[in-house]
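Q: Here is the input, now give the coordinates:
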Amino acid sequence: PNCEMLESLKQRVIGEATFLRALAYFNLVRIYGGVPLKLYPTTDFKTLEFPRASASEVYAQIIKDLTWAYESAGIPKTSAYGAGDIGRVGRSAVQALLGKVYLTRASDPSVAQSGDYQKAIEILKACVTEGDRSLVASYANLFSLTNENNSEIIFDIQYTRKAGLGSYLTPFLATSTTQELYTIAYSDYPADVTFYKSFEPEDQRRPVTFYDRMKVKIGSANVEVYYDPNADPLVGAWKRADDNTQVSRGIVNAAAPGFRKFVDPDITAKANAEEPNYVILRYSDVLLMLAEAINEASNGPTAEAYTYLNMVKRRAYGKPVNTPDAKIDYANLDKAGFRLAVYTERRKEFVIECHAWFDGKRFWDIFTQKVAESSIGANPNINNRPKQVVDLNTIRQEKYKLMTFSVGQLELNKALVQNPGWE
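A: Model (predicted):
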């Protein structure tokens, strides 16, 4: 910054900005592959068209940015910030993101470099051993409005209940027809019933993740209803909580639950002024990335990899995270089985946290298999069911690993070249 300030503060602010640039380019390279790599301000209209840098070049810049922020910017631990600096980039955020970058690059043969998995392990272990972040004991408390910025949160978008400074996810995520919220939700993102059923009853993530119990208007009364996924083989049904009788679709016009995570439960909330922060990075992600990286680097799981994986699963079932539990823990898996276990836990742990697509690219065979399986029973006449069966061989084509550039992007930047298969 071109201003008078303490040099240490200036370096920290530059480090925070560098982290944000790395995060933006990391999202771009995972979505599009190589993108224009613009590192300096625009000062005239002569440099508005930029060719794509290669994906390798983009990854190199991301790692350069994060390495500098980690080693030279003096970014403190998150716990060292005062109340006036809540939400700033902490040391653990740089560690977690850098570890995720190495892990992601390692999984892509087109850009992977020797040692990427080991580098991911080293930086993620540093995040663990420094002890600044830890798992919240109860998954139910993790997303509570009274427990924001807790010990598990590494980096999130800070929202507040003020017009223009709040979130606006409730209308899109929550189940329609509920009378509990400040608005009737659109139910734009109903849950996949097969995925919903994959949560065991003891898994505390299900009620936190899905809006599967709510109050609706029946006659003149607000009546509590719950979702029973087994009431119908394809879409389930809603039932009254007081007598377990099925509720008609005319009363609950939702084929499946929406989502509770990141929904504002305050009846007085307003659009664009919702309170819940949106989480970008948290500690359970670090543990599961470590388990994944160790399994890949060691050609199979080690005792340490099991420790990190089982800590996350134990917490999901309300168990002490550091106490082995034979009924809960994963054990005796080969490399492929452990990869599936990591993917399964990530899929359940991070619903609505924008990890699924990026995780899917690292676990491509498992991910595409799940997509194809979800289309079984496709019927264009049933809500919340795929309209057609997905062909597995089709969706495994390389072109589907990258998004296409829009016509508008190509028109604005004549130097931009479309991704292969989308020309």
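
Q: which parts of the top helix by length along the chain are buried?
A: The longest helix of the chain (DSSP state H) is helix 7-32. Using 16 or more other Cβ atoms under 10 Å as the test for burial, helix 7-32 gives 10-16, 18-19, 21-23, 25-26, 28-30, 32. Where you see a C-beta, it was placed from the backbone N, CA and C, and this is true even at glycine.

Q: Check which residues of stretch 47-63 are buried.
A: Buried positions in stretch 47-63, judged by neighbour count with 16+ other Cβ under 10 Å: 52-53, 55-56, 58-63.

Q: From those residues, pick the one nearest I121.
A: Set against I121, the nearest of the buried residues of stretch 47-63 by Cβ to Cβ is I63 (15.2 Å).

Q: how about the closest one, secondary structure?
A: Using DSSP: H, G, I helix; E, B strand; the rest coil, the structure places I63 in helix.

Q: how close does it get to I123?
A: 10 Å (Cβ to Cβ, to the nearest Å).

Q: so what sits against both of those two?
A: Common neighbours of I63 and I123, using Cβ atoms under 8 Å, 6 or more residues apart in numbering, are 98, 102.

Q: Verify the stated contact: S92 with G131.
A: No: assessed by Cβ atoms under 8 Å, S92 is found out of contact with G131, at 9.6 Å.

Q: Name the residue in these two with the higher neighbour count.
A: Between S92 and G131, S92 has the larger neighbour count (other Cβ atoms under 10 Å), namely 26 against 10.

Q: the longest strand in the chain is where?
A: Longest strand of the chain, by residue count under DSSP state E: strand 221-228.

Q: Please name every helix or strand in contact with it.
A: Other elements packing on strand 221-228 under the criterion 3 or more Cβ pairs under 8 Å, 6 or more residues apart in numbering; DSSP states H and E are strand 213-218, strand 237-240.

Q: Any chance of those in CSV with mean neighbour count, mean pLDDT and distance to V342 as columns?
A: Shown next, in CSV, are those (neighbours: other Cβ atoms under 10 Å; pLDDT from 0 to 100; distance: least, Cβ to Cβ, whole Å):
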stretch, mean neighbour count, mean pLDDT, distance to V342
strand 213-218, 18, 92, 30
strand 237-240, 19, 94, 33
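
Q: Adding distance to K313 as columns, could you present those in a markdown table?
A: Below are those laid out as a markdown table (distance: least, Cβ to Cβ, whole Å):
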| stretch | distance to K313 |
| --- | --- |
| strand 213-218 | 24 |
| strand 237-240 | 29 |
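
Q: which residues does the nearest residue to E224 once chain neighbours are set aside contact?
A: Spatial nearest neighbour of E224, chain neighbours left out: A241 (4.1 Å); criterion: Cβ to Cβ, 6 or more residues apart in numbering. Residues in contact with A241 (Cβ under 8 Å, 6+ apart) are 213, 223-226.

Q: try E152
A: Going by Cβ under 8 Å, 6+ apart, E152 touches 133-136, 142, 282-284.

Q: and if you look at D108?
A: 55, 361.

Q: how about it, phi and psi?
A: Here is the backbone geometry of D108 (degrees, to the nearest 10): phi -110, psi 110.

Q: Can you pull out the low-pLDDT segments for the protein?
A: Applying pLDDT under 70 to the chain picks out residues 1, 383-385.

Q: and the helix or strand where L288 lies, C-alpha only, in CSV?
A: L288 is part of helix 283-297 when elements are defined by DSSP states H and E. Taking C-alpha atoms only, helix 283-297 is exported to CSV below (Å, rounded to 0.1, in the frame of the first residue of the first chain):
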residue,chain,number,x,y,z
TYR,A,283,-10.0,-27.9,10.2
SER,A,284,-11.8,-31.2,9.3
ASP,A,285,-10.8,-30.4,5.7
VAL,A,286,-7.1,-30.3,6.8
LEU,A,287,-7.4,-33.7,8.5
LEU,A,288,-9.2,-35.4,5.6
MET,A,289,-6.6,-33.9,3.1
LEU,A,290,-3.8,-35.3,5.2
ALA,A,291,-5.4,-38.7,5.2
GLU,A,292,-5.8,-38.5,1.5
ALA,A,293,-2.3,-37.3,0.8
ILE,A,294,-0.7,-40.0,3.1
ASN,A,295,-2.7,-42.7,1.4
GLU,A,296,-1.5,-41.6,-2.0
ALA,A,297,2.1,-41.0,-1.1
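
Q: what about the helices in the stretch 101-250 of the chain?
A: 116-129, 139-142, 170-173, 193-197, 205-209 (DSSP state H, counting those that start in this stretch).

Q: Among those, which comes closest to I382?
A: helix 193-197 (10.6 Å).

Q: List the buried residues of the closest one.
A: Of all the residues in helix 193-197, those buried under the rule 16+ other Cβ under 10 Å are 193, 196.

Q: could you show me where the helices are in the stretch 251-400 of the chain, in order?
A: Counting by DSSP H, counting those that start in this stretch, the helices of the stretch 251-400 of the chain are 283-297, 303-316, 335-349, 356-362, 364-374, 392-395.

Q: neighbouring contacts of the fifth one?
A: It refers to helix 364-374. With contacts defined as Cβ under 8 Å, 6+ apart, helix 364-374 is touched by 192, 194-195, 339-340, 343, 347, 359-361, 386, 390-392, 395-396, 401.

Q: what about the nearest residue to S54 once chain neighbours are set aside, is that helix, strand or coil?
A: Closest residue to S54 apart from its sequence neighbours, by Cβ to Cβ, 6+ apart: G34 at 4.7 Å. When classified by three-state DSSP, G34 comes out as coil.

Q: neighbours around G34, how many?
A: 20.

Q: Would you confirm that P276 contacts S144?
A: No: with contact taken as Cβ under 8 Å, P276 and S144 are classed as non-touching, separated by 9.4 Å.

Q: Just want to know which of the two has more residues nearby.
A: P276 (24 against 14).

Q: Can you report phi and psi for the more buried one?
A: Main-chain torsions, P276, degrees, to the nearest 10: phi -60, psi 130.

Q: contacting residues around it?
A: Listed by Cβ under 8 Å, 6+ apart, the contact set of P276 reads 143, 145, 148, 159, 167, 169, 262-264.

Q: same thing with A17?
A: The contact partners of A17, by Cβ under 8 Å, 6+ apart, come to none.

Q: rewinding a little: give me the buried entries from the contacts of E152.
A: Those of the contacts of E152 that meet the buried threshold are 133, 135-136, 142, 282-284, by 16+ other Cβ under 10 Å.
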